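Colleague: coords please:
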Amino acid sequence: MKTAARRDRLLHLLYRGSTTVPAVATDLGVSERTVYRDIAALRDAGHAIQATPGPGGGVRIAPGARPRAVHFEVAEIVGLALSVAILKATPHTPFAASAEAALDRARLALSPERRRAIQRLEAHILIGTPATERVSGSLGEVDPALLPVFERCFTETRAMAFDYRDSAGRPSSRRIECIGLLLHPPVWYILAWDLDKDASRLFRMDRILAPSCGEVLTAQHALGDVVVEVEPALDRWRRRAIG
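Modeller: Residues are numbered from 1 along each chain as shown. Okay, the predicted model is just below:
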């Protein structure tokens, strides 16, 4: 293991909780002297590492300290969380555990307030089974503007406006609150509250056209409000793929 990777791993162990130098040395496969050198180097780099000598002592990150030199945006953490959720939904995927560990470390770099906001968004990401061949085969072109618009509206709780064509090709104009993201790879759907109809709705990604961001929404609906409202549709998803 190279020095930089070893010290990165050491930081990960310390942020997980108090440990001892012998335990770290065993985990990293190095001598205790190397661990002490790494701790000294990390302290010089500004990491608040505390050490208590003698029996019962150990090393840890100072209470209240957060990882340094790591600055993540909310959308970046949500993207990591979505990637990890997809990996975990696929059994025996290589590096899934490592990706989840990286996500945990990224969360630690956030303030408690932003961490709570991330947890709320993560709870609104639902991962389902892969779409059937019929659904995947019916997937059309996706408007290039959709991803940045949806990401902003979802993370910033903004109204989202767009034109829509349903499964029968009927056009309509919509203005919604983005409540959740439902993924049946490679197809995804927006669990939404239609602001004009005052009702829950579900929108498939490739049927959304000309999306745009609107105002910040002060009143917000819970995921449970939408899921309960679209429960008949959810029942259909359990019996067959989404059309």
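Colleague: look through the chain and tell me its longest helix.
Modeller: The longest helix of the chain (DSSP state H) is helix 74-89.
Colleague: and the next element down the chain from that helix?
Modeller: Heading C-terminal from helix 74-89, the first helix or strand you meet, by DSSP states H and E, is helix 96-108.
Colleague: buried residues in that following helix, which are they?
Modeller: With burial defined by 16 or more other Cβ atoms under 10 Å, the residues of helix 96-108 counted as buried are 96, 99-100, 103, 105-108. C-beta coordinates here come from the backbone N, C-alpha and C atoms, glycine included.
Colleague: let's have these in CSV, adding pLDDT and distance to R152.
Modeller: As requested, these are exported to CSV (pLDDT from 0 to 100; distance: Cβ to Cβ, whole Å):
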residue, pLDDT, distance to R152
A96, 84, 28
A99, 86, 24
E100, 86, 26
L103, 85, 21
R105, 79, 25
A106, 80, 20
R107, 82, 21
L108, 78, 25
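Colleague: now those residues as CSV including distance to A25?
Modeller: Listed next are those as CSV, based on distance: Cβ to Cβ, whole Å:
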residue, distance to A25
A96, 27
A99, 26
E100, 25
L103, 26
R105, 21
A106, 26
R107, 27
L108, 23
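Colleague: pick out the most distant pair among the residues you listed.
Modeller: A96 and L108 (19.4 Å; Cβ to Cβ).
Colleague: so for the protein, the centremost residue is which one?
Modeller: Closest residue to the average C-alpha location of the chain: A81 at 2.2 Å, with Cα atoms, centre = their mean.
Colleague: and it, how close does it get to A51?
Modeller: From A81 across to A51, the span is 33 Å (Cβ to Cβ, to the nearest Å).
Colleague: hang on, the earlier thing: elements contacting the longest helix of the chain?
Modeller: Packing partners of helix 74-89 (3 or more Cβ pairs under 8 Å, 6 or more residues apart in numbering; DSSP states H and E): helix 96-108, helix 112-123, strand 125-127, helix 146-156, strand 171-184.
Colleague: how about the ones you listed in a markdown table, adding distance to Q220?
Modeller: Formatted as a markdown table, those follow (distance: least, Cβ to Cβ, whole Å):
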| stretch | distance to Q220 |
| --- | --- |
| helix 96-108 | 22 |
| helix 112-123 | 10 |
| strand 125-127 | 16 |
| helix 146-156 | 12 |
| strand 171-184 | 7 |
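Colleague: can you give me the buried ones in stretch 133-142?
Modeller: V135.
Colleague: brain fart, stretch 178-189
Modeller: 178-184, 187-189.
Colleague: would you format the residues you listed as TSV with pLDDT and distance to A159 included?
Modeller: Shown next, in TSV, are the buried residues of stretch 178-189 (pLDDT from 0 to 100; distance: Cβ to Cβ, whole Å):
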residue	pLDDT	distance to A159
C178	95	9
I179	93	12
G180	91	16
L181	91	17
L182	89	20
L183	88	22
H184	88	25
V187	91	24
W188	93	20
Y189	94	18
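Colleague: got those as a markdown table, with distance to V149 columns?
Modeller: What follows is the buried residues of stretch 178-189, written out as a markdown table (distance: Cβ to Cβ, whole Å):
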| residue | distance to V149 |
| --- | --- |
| C178 | 10 |
| I179 | 16 |
| G180 | 16 |
| L181 | 13 |
| L182 | 18 |
| L183 | 18 |
| H184 | 21 |
| V187 | 18 |
| W188 | 14 |
| Y189 | 15 |
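Colleague: thanks a lot, catch you later.
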